[in-house]
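Asker: have a look at this fold, sequence not included:
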């Protein structure tokens, strides 16, 4: 790139968060560009496992300004959601700059210098919308490199058919680990083990036909002392005691855990039935590896053919903004959407949290909140103001 282009707003990420932000800003007459290192919208969603369906119902999952088609059903599949994102970008005339990776942000006077793989340019406002699950994380287990079986992160897992007839250990008791364990059983894996460090909270997908994520919205805001007993009673009535099947009851409350660690409950889409049938075996957390086995923290040793590490993600923001002093020890921003940090004025966040109200529901709220904050700070939220850059395509290597 030659020279230094200037943009009103730069949105980093062309997934749901980035697209929703661009649409909300455009509606307020604010223009800019969306930049993504991938080659298509919703790249992270395209690469998820085949059986994935949204945990929030269709009506709770739409982005601002466009409903998800009724034909997608109540629980939207991965492929239908990707198709929705493509249609959403087209409807709102958002044509991101693909294959451009943002490498670093630096504050320079009253603007941001955005260093990318295609060069450096200026922006008045930057919105980080790279997603809560930015960078796959696999713990540095002792002996991991000596393991002769298959070891993959859940981000590269597609279908249990690839593991048919093989003994598999799934590490991680979040929603991804639980669903992959179910998928492995249904696709004909041999023995399926689920390594658990902390007993998870498990809730049904629906209660009396009502999606749990809708019933659970008050949990996002209610005090733990009030919400935890209600949730515990609900779990006893709907899920029951899973201790006889190797899954002990959590010691802490659902909301207490969420407030302390951002950990959300497992929404049951088959785990409980497979536990009761003995087809998924809970085991202790992983302590290390040997060439032909996995060592567990309770001292036992299990021989498996493959390990799927559903061990979560990190935000991956450290290279971009770690030097600004706005991240905590886990690489998460220390401020919330709709606000800015004193060390990073005009830097906003969308979709970088893991809420009880549902990720897409939170993205919708965050995008609207950030668009309002940007408009208010500039007194430029007038309808009809040009925002053609959201719809412009790069005609050269220079943004």
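Answerer: Now that the structure is in, tell me what you want to look at. Just so it is clear, the model here is predicted, and its values are computed rather than measured.
Asker: could you measure from residue 55 over to residue 311?
Answerer: Residue 55 sits 19 Å away from residue 311, going by CB to CB, to the nearest Å. Yep, even glycine has a C-beta here, placed from its N, CA and C like the rest.
Asker: check contacts around the closest residue to residue 50 other than its chain neighbours.
Answerer: Excluding its sequence neighbours, the residue lying closest to residue 50 (CB to CB, 6 or more residues apart in numbering) is residue 159, at 4.7 Å. Counting by CB atoms under 8 Å, 6 or more residues apart in numbering, residue 159 makes contact with 49, 50, 51, 183, 187.
Asker: ok, the first one touching residue 182?
Answerer: No - in this structure, residue 49 sits apart from residue 182 without contact. The criterion is CB atoms under 8 Å, and the distance is 10.9 Å.
Asker: the two: who's more crowded?
Answerer: Per other CB atoms under 10 Å, whichever of residue 49 and residue 182 has more neighbours is residue 182, with 25 against 18.
Asker: coming back round to it: can the contacts of residue 159 go into CSV with extra columns for secondary structure?
Answerer: Converted to CSV, the contacts of residue 159 look like this (DSSP: H, G, I helix; E, B strand; the rest coil):
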residue, secondary structure
49, coil
50, coil
51, coil
183, helix
187, coil
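Asker: selection in ChimeraX covering whichever of those are buried, please.
Answerer: Buried subset of the contacts of residue 159, written as a ChimeraX selection, criterion 16 or more other CB atoms under 10 Å:
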select :49,51,183
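Asker: can you tell me which of the contacts of residue 159 is nearest residue 194?
Answerer: Distances from residue 194 to the contacts of residue 159, taken as CB to CB, are shortest for residue 183 (12.2 Å).
Asker: show me what the closest residue in space to residue 303 that isn't next to it in sequence is bridged to.
Answerer: Excluding its sequence neighbours, the residue lying closest to residue 303 (CB to CB, 6+ apart) is residue 293, at 4.7 Å. With DSSP bridges as the criterion, residue 293 is bridged to residue 290.
Asker: now do the nearest residue to residue 263 once chain neighbours are set aside against residue 234, distance only.
Answerer: Nearest non-adjacent residue to residue 263, counting by CB to CB, 6+ apart: residue 257, 5.4 Å away. Note on residue 257: its distance to residue 234, by CB to CB, is 15 Å.
Asker: comparing these two, which residue is more hemmed in?
Answerer: Shown here are residue 257 and residue 234; by other CB under 10 Å, residue 257 has more neighbours (20 against 17).
Asker: OK, contacts around the more buried one?
Answerer: 201, 250, 263.
Asker: and what of residue 325?
Answerer: Per CB under 8 Å, 6+ apart, neighbours of residue 325: residue 343.
Asker: the one 10 residues further on now?
Answerer: Listed by CB under 8 Å, 6+ apart, the contact set of residue 335 reads 326, 341, 349.
Asker: ranges for the helices of the stretch 51-200 of the chain?
Answerer: 78-91, 175-186 (DSSP state H, counting those that start in this stretch).
Asker: any chance of those helices in TSV, with distance to residue 133 too?
Answerer: TSV is the format used below for the helices of the stretch 51-200 of the chain (distance: least, CB to CB, whole Å):
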stretch	distance to residue 133
helix 78-91	14
helix 175-186	9
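Asker: which of the ones you listed sits most buried?
Answerer: Most buried of the helices of the stretch 51-200 of the chain by mean neighbour count (mean count of other CB atoms under 10 Å) is helix 175-186; its value is a mean of 24.
Asker: and residue 23, that's in a helix?
Answerer: Yes - judged by three-state DSSP, residue 23 forms part of a helix.
Asker: ok, it touching residue 88?
Answerer: Yes - with contact defined as CB under 8 Å, residue 23 reaches residue 88; the gap is 7.4 Å.
Asker: quickly list what's touching both of these two.
Answerer: The contact lists of residue 23 and residue 88 share 63, 66, 94, where a contact means CB under 8 Å, 6+ apart.
Asker: which pLDDT value goes with the last one?
Answerer: Yep, that's residue 94 we're talking about. Per-residue pLDDT puts residue 94 at 96.
Asker: may I ask which of the contacts of residue 335 has the most neighbours?
Answerer: residue 349 (27 neighbours).
Asker: find the nearest non-adjacent residue to it, please.
Answerer: Nearest one to residue 349, counting by CB to CB, 6+ apart, is residue 337 at 4.9 Å.
Asker: which residues of the stretch 201-350 of the chain fall in strands?
Answerer: 202-204, 206-207, 210-211, 266-268, 280-283, 286-290, 293-296, 301-302, 306-309, 313-314, 347-349 (DSSP state E, counting those that start in this stretch).
Asker: could I get the ones you listed in a markdown table, plus columns for distance to residue 82 and mean pLDDT?
Answerer: Output for the strands of the stretch 201-350 of the chain, formatted as a markdown table (distance: least, CB to CB, whole Å; pLDDT from 0 to 100):
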| stretch | distance to residue 82 | mean pLDDT |
| --- | --- | --- |
| strand 202-204 | 27 | 96 |
| strand 206-207 | 25 | 92 |
| strand 210-211 | 22 | 91 |
| strand 266-268 | 21 | 96 |
| strand 280-283 | 29 | 98 |
| strand 286-290 | 32 | 98 |
| strand 293-296 | 34 | 98 |
| strand 301-302 | 36 | 98 |
| strand 306-309 | 23 | 98 |
| strand 313-314 | 19 | 89 |
| strand 347-349 | 24 | 97 |
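Asker: quick one: closest of those strands to residue 193.
Answerer: Closest among these, using CB to CB: strand 280-283, at 5.0 Å.
Asker: so which elements touch the closest one?
Answerer: Under the contact criterion of 3 or more CB pairs under 8 Å, 6 or more residues apart in numbering; DSSP states H and E, strand 280-283 touches helix 175-186, strand 192-195, helix 271-276.
Asker: between the ones you listed, which one is closest to residue 364.
Answerer: helix 175-186 (20.0 Å).
Asker: coming back round to it: so can I have JSON lines of the helices and strands packed on strand 280-283 showing distance to residue 148 and mean pLDDT?
Answerer: Shown next, in JSON lines, are the helices and strands packed on strand 280-283 (distance: least, CB to CB, whole Å; pLDDT from 0 to 100):
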{"stretch": "helix 175-186", "distance to residue 148": "20", "mean pLDDT": "97"}
{"stretch": "strand 192-195", "distance to residue 148": "18", "mean pLDDT": "98"}
{"stretch": "helix 271-276", "distance to residue 148": "28", "mean pLDDT": "97"}
